[in-house]
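Engineer: Sharing a sequence plus its predicted fold:
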Amino acid sequence: MNRPKSRGRVVPAVHSRRRIAPDPRWEIGFAEYLRGAYAAPVLLELYGRVAMGYGELDARMRRVVWRALVRRLGHGLTIGRGVSMTHPETFEIGRGVFIGDQAVLQGRMDGSCVIGDRVWIGPQSYLDARDLVLGDHVGWGPGAKVLGAAHTGLPVDIPIIRTDLEIAPVRVGAGADIGVGAVLLPGVTVGEGAIVGAGAVVTEDVAPFAVVAGVPARLVRQRKGGGGR
């Protein structure tokens, strides 16, 4: 007898439904003190001391230091172990954001990185955050990457790595989901509610509520209720 292939268990989502409690007032006050008392290099050194800790105190201190460094930080940020960042002073982070272990957020001194509310960024992700916006409720799969710049390759008679960089904005709309190991190239926009399949390489804009997959990513289907817009 042929039986339908099991799709496994369906369980409620956790991250997107959890209550976002206000951060303790002492945390906020301590971050304000650190911001006023110490320069960024000192704060990054302090972050290095707690970046790999397992305990609750280390986790809280990671959040304290991030709040002291970034441009704006909402309540309820969770930062995994070994997360690294450059130019956090250009970051704006919303409420209830999760950043998984060993993720890398690479900013630029004159750049901008905006991460919306309840965004989930998986472990070992790489975000070239020079001109990046992730809308509310974006899911970013483990190991997924975004590149925000590329060398021009001109002139051709010098090594490519020595040529100028062209920075292009990357935008991911609210509710979109980026699959495990996917790659977004400079200048692309992923529309609201779109799904980028695991391992896909996005070289062109993705329409709202589209499902794309492959290398390079191509349209697979349009999600119900989102097509035709």
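Structural biologist: Great, that's in hand.

Engineer: Would you verify that L46 is located in a helix?
Structural biologist: Yes. Under DSSP: H, G, I helix; E, B strand; the rest coil, L46 falls within a helix.

Engineer: Could you report the neighbour count for it?
Structural biologist: Neighbourhood size, L46 [other Cβ atoms under 10 Å]: 18. All C-beta atoms are positioned from the backbone trio N, CA, C, and that covers glycine.

Engineer: same check, this time on Q222
Structural biologist: Other residues close to Q222 by other Cβ under 10 Å number 16.

Engineer: Going by neighbour count, which residues in stretch 160-176 are buried?
Structural biologist: By neighbour count on 16 or more other Cβ atoms under 10 Å, the buried set for stretch 160-176 is 167, 170-176.

Engineer: Count the residues that sit near the residue lying closest to L165 once chain neighbours are set aside.
Structural biologist: Ranked by Cβ to Cβ, 6 or more residues apart in numbering and with sequence neighbours excluded, the top spatial neighbour of L165 is A149, at 4.6 Å. If you count neighbours by other Cβ under 10 Å, A149 ends up with 18.

Engineer: Could you check how far A149 is from G76?
Structural biologist: 31 Å (Cβ to Cβ, to the nearest Å).

Engineer: List the contacts of V220.
Structural biologist: For V220, the contact set (Cβ atoms under 8 Å, 6 or more residues apart in numbering) comprises 197, 211-213.

Engineer: Show me which of these is closest to R223.
Structural biologist: Of all the contacts of V220, R223 sits closest to V211, with 6.2 Å by Cβ to Cβ.

Engineer: related to what we said a few turns ago, please name the bridge partners of the residue nearest to L165.
Structural biologist: I167 (DSSP bridges).

Engineer: Surely it and L185 touch.
Structural biologist: No. Using Cβ atoms under 8 Å, A149 is not in contact with L185, being 10.2 Å away.

Engineer: So for the two, which residues contact both of them?
Structural biologist: In contact with both A149 and L185: no residue, using Cβ under 8 Å, 6+ apart.

Engineer: dump the residue contacts of the residue positioned nearest the centre of the chain.
Structural biologist: Central residue of the chain (Cα atoms, centre = their mean): I121, 5.0 Å from the mean position. Applying Cβ under 8 Å, 6+ apart to I121 gives the contacts 97-100, 103, 115, 127, 140.

Engineer: do that again at 10 Å, thanks
Structural biologist: For I121, the contacting residues are 78-80, 83, 97-100, 103, 105, 115, 127, 134, 138-142, 144, 178, by Cβ atoms under 10 Å, 6 or more residues apart in numbering.

Engineer: which parts of stretch 37-45 are buried?
Structural biologist: By 16+ other Cβ under 10 Å, the buried positions in stretch 37-45 come out as 43-44.
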